[in-house]
Each structure stands twice: as structure tokens, then as C-alpha cells.
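**Student:** One predicted model, sequence on top.
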Amino acid sequence: MQRANTMSNSGLLDRIQRRQARIGIIGLGYVGLPLAVEFARAGFDVTGFDVDESKIAEINAGRSYIPDVATHDIAAAVADGLLRATTDMSKLADMDVADICVPTPLRKTKDPDLSYVVQALEAVAVSLKAGQLVILESTTYPGTTDEVALPMLEAKGLTADRDFFLAFSPERVDPGNPHYTTRNIPKIVGGHGPASTEAAAALYRQVVSKVVPVTSTRVAEMVKLLENTFRAVNIGLVNEIAQMCHKLDIDVWEVIEAAKTKPFGFMPFYPGPGLGGHCIPIDPFYLSWKARQSGFECRFIELAGHVNGSMPDYVVERIADGLNDSRKPINGSRIHLYGVAYKKDVSDMRESPALDILELLTRRGAIVSYSDPYVPSLRHAGRTLEALSETEALRQRPDCAVICTDHSSFDWTALVETGIPIVDTRNALKGHTAGNIVRLSGRVIGRALVEV
Ligand SMILES: NC(=O)c1ccc[n+]([C@@H]2O[C@H](COP(=O)([O-])OP(=O)(O)OC[C@H]3O[C@@H](n4cnc5c(N)ncnc54)[C@H](O)[C@@H]3O)[C@@H](O)[C@H]2O)c1
């Protein structure tokens, strides 16, 4: 059986090793676009598929819309004839590989929304042919490849791991991280069977420095969810410790800096205004949903979700502290947010806690403005808010400033020197000791306390 499988993927393996396999990437966002460029850079013929016409137009014009992907890399790949993009899913029939990188959000009920994955699989199933390799990269609950993808694809009459190949390989990209990119992040690969694992591993070995094969698609799916649950739970723990330290009058940042000098058994996580992005706030709920189907309650995930979800409210309390030093209420105060993207030096606003803080402050009657070099405008409560330049923000002298995202370009010294109360949720003002700084936890260095 093993031998028959190996034989059946030999044509595909040969095309992969000679870099002649035609690769289709479905979903050209933060995950799909860097991957498409990496395959094209390695000499593969790559077609990107997306439902968003504007992204297709940008790629075909040789321009990038993802900060981590350089426009000149896309322009070079397009000019060399190695990369093109289309909305025409029928072209999947020409591909040797279909790699699915579409969104996997949550529904309002916090249940998985697999509609994008299902739509992409429908398109793949229509043109599935013998010898093709189908890979799912979208983060999802364990069992999705076996229980959702496999029956949809086999409905055509072909058998996985014999006639076509099916694998799950989670994406681990960390947007904005200059040290780890597609090429040097080890890639987990789990196939429906040995021939599928072998084909998918052979493909990624062409562009990724290390491939880690595992024994099944379920294991590969679970690896990604363990990684992201680990982060969500540890961030939840440190956010709770931050709130505890505030009550105990201890600087949580100093505690973490000292604790991380331990060379084993400790890994630093940092508190902040709450979770953001498309992964950490969402993925653990894919796991808890699936576990619930088997009658298992994921207590850590629920608790971490609760603590992390409470952070924007906690930040608003710190803002009230900051304004209190100037004998002002939140209602009617002008509050300026520094950074609305979910993390440093990226433009991604998905699930950003700054948006929750904006909403909570607006509901309490504050007049909220923001600066973010990566987000020129945003929609809130049915209207468009335009970002202010830092100079304009300082000229307007708000009643309180809140550091939600510590983008590298912000001039913190200029902000501190204004003397206005600053709530620092990121320890961006480490080393500053001015009396107008309100830290997320620890001693409130506000004027009222200093005077006491
Ligand atoms: N962004 C990250 O940092 C990150 C990291 C690891 C894993 N992931 C996972 O990777 C997956 C993709 O995430 P992303 O951040 O790239 O999302 P994204 O929203 O940036 O990109 C997804 C793309 O898929 C397109 N799309 C939607 N439905 C489609 C369809 N039926 N056919 C073709 N294209 C379609 C969208 O138009 C969009 O361009 C998700 O499962 C996510 O959880 C994301």
C-alpha cells in the first residue's frame, strides 16, 4: 500500500523537485500573498486566486498591499511571468497544487465560520483532477480536513492519497516580525496519508528552511491551535498579573524583566490593552468549540478569553485615573489614542483592542481622536475618523493621551513633555519618570499620588 502511494505521487514529486509544478494560492491576504511571492521567487509558476478584484488588480500591476511584502518583489515576479492573479476559479484546473489561505473567522456566537473555506473547497472540487495536491493552510479546528475537505473533494470520485493528495499545513507567519518570515519559520505538514504528507513536505522544502512532517492532518491542525492557545492563555495570565500588581502597587513590567533573567522554565509574555489580530483572539475558540462537540469544556481558553476581553475596560479605568489627576471626568474630555492597529508597526486593525477602547470612551461621552501612521482613517459608529498627525494632536492638547500601540515612529519624548496625562498600556514610556504617566499597572505616578 505504502509503495503504491509513493508511486502515485511520483509525477507530482518530480515536477515539484524540478520546480515545474504550477501552484495556485487561494486567498491573497496576509498569509497567501507572502507565500505566493516565495514560491514565485523560487522559480515556480504561481497563480493567485481571490474574490477581491482590487487585490487582483494590485498584484497584476506589480504592487503590494501587505506591508511585509515588498512591492519590488511582486513587480519582479509579475515581470518575470512567474506570478499573476485572477478571480477566475476555473483556472484551478490548470494547477498542480491548490493551497487554500482564506479567512476563518468566528460567528457572533463564537462558533467557527467555515464558509470561506467551504467556498474555496467547492471551487477546488469542481476542477479536481488526478495528481493534484490540495493543501489547507487556514487555521481551523482539528478534524476539518478529514471531516469537511475530504468528503467534498472525494465526491468527485477520486480517492485521497491515491488519486489526489490532501494535506493540512498551518501558517505561522508573524506580520511585522523582521526576523522570522515564510522562509525561516519551520513548516508543519500533516497529510491525509503518507503520499500526501510526502508531496506537501516536498513542496514546502523548496521554499522553507525546515519542514516538520506529522502523522495526520488532525495533528497538524491541533499543533497550530496549541501554539495559539498557549499564547492566549499566557497573555491572559500576565494580564491578570498586571491587574493584580496594580492593586499591590508593584510595577508588573519590572517584575517581568527580572523574571525573564531565569535561563530556564520561564518565558516572558507582556500585558497590554487586550488581544488583537486574526489569530490569538479567535483560534482558541475554534478549539473550544470542537472540544465541546465531544462534551469537553476548555476552562483555560474560556478564562483567558474572559481576562483578555476585560482589558479594554481596565484601560478605561486607567484613563479615568489619569483624568482624575486633572479633576476631569471622561464625559466631555478630549482623549487622543496613539496607535489603533492591533500591534506595533503593522496596519492590521482586525480585532484591535484600540477599537474597543474607542467605543467604550465614546459611549461614556469622551471626544476621541487618534494618530496612527499605518491607519489613515477608520470607520466608527457610522462615520469616518481621520488620523491626526502627531504634531496636530499635540497642538490640539487633548485632556488625556492613551498609548494603545507602540509604533516605532511615535515621538514619546515630545508627548511626555506636554505634561498631559498619558495612559501607557504598552510600557512604551519605559525609563520616563514624568508625573503625568499612568502605567497599566504598578505605582500610579499621577500628580495626585506624587503630591500625597
Ligand atoms: N494574519 C496572520 O497573521 C495569520 C497567521 C497565521 C495564520 N493565519 C490564518 O490564515 C488564514 C488567512 O488569514 P489572512 O490573515 O491571510 O486573511 P486575509 O483576510 O488577510 O486574507 C484572506 C484572503 O482570502 C480572500 N478570500 C475570501 N474568500 C475567498 C474565496 N472563496 N476564494 C478566494 N479568495 C477568498 C479574501 O478576499 C482575502 O484576500 C486564516 O485562517 C488565519 O487564521 C493568519
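**Tutor:** Structure's in. What do you need?

**Student:** What separation is there between A125 and D99?
**Tutor:** Separation of A125 from D99 (CB to CB, to the nearest Å) stands at 15 Å. Using the backbone N, CA and C atoms, a C-beta is placed for each residue, glycine as well.

**Student:** So for these two, which sits in the more crowded spot?
**Tutor:** Ranked by neighbour count (other CB atoms under 10 Å), A125 and D99 place D99 first, with 30 against 19.

**Student:** What mean pLDDT does the helix or strand hosting the more buried one get?
**Tutor:** Assessed by DSSP states H and E, D99 sits inside strand 97-100. Per-residue pLDDT over strand 97-100 has a mean of 98.

**Student:** Then stretch 294-304?
**Tutor:** 96.

**Student:** What parts of the chain come near the ligand?
**Tutor:** 26-32, 49-52, 55, 101-104, 116, 119-120, 138-139, 171-173, 175, 278-279 (CB under 6 Å from any ligand atom).

**Student:** Now with 5 Å, please.
**Tutor:** Residues of the chain lying close to the ligand (CB under 5 Å from any ligand atom) are 26-27, 29-31, 50-52, 102-104, 116, 119-120, 138-139, 171, 173, 175, 278.

**Student:** Got a ChimeraX select line for the buried ones in these?
**Tutor:** Of the residues of the chain next to the ligand, the buried ones go into a single ChimeraX selection, burial set by 16 or more other CB atoms under 10 Å:
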select :26,27,29,30,31,50,51,102,103,104,116,120,138,139,171,173,175,278
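
**Student:** now, which of the residues of the chain next to the ligand lie within strands?
**Tutor:** Cross-referencing the residues of the chain next to the ligand against strands under DSSP state E gives I26.

**Student:** For L150, list the residues it contacts.
**Tutor:** 160, 166, 192 (CB atoms under 8 Å, 6 or more residues apart in numbering).

**Student:** Now tabulate the residues you listed in TSV and tack on neighbour count.
**Tutor:** Shown next, in TSV, are the contacts of L150 (neighbours: other CB atoms under 10 Å):
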residue	neighbour count
A160	23
L166	26
H192	26
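
**Student:** Out of those, list just those in helices.
**Tutor:** Using DSSP state H to define helices, no part of the contacts of L150 is located there.

**Student:** and which of the residues you listed is nearest to L385?
**Tutor:** L166 (45.0 Å; CB to CB).

**Student:** Does that closest one touch H192 like I think?
**Tutor:** Yes. Using CB atoms under 8 Å, L166 is in contact with H192, at 4.3 Å.

**Student:** Spit out the residues that contact these two alike.
**Tutor:** Joint contacts of L166 and H192 (CB under 8 Å, 6+ apart) are 145, 150, 160, 217.

**Student:** Give the buried residues for the helix or strand harbouring the second one.
**Tutor:** What it means is L150. Using DSSP H and E, L150 sits within helix 150-154. For helix 150-154, burial by neighbour count (16+ other CB under 10 Å) applies to 150, 152-154.

**Student:** nearest to the ligand, of those?
**Tutor:** Taking CB to the nearest ligand atom as the measure, the ligand sits nearest to M152 out of the buried residues of helix 150-154, at 13.2 Å.
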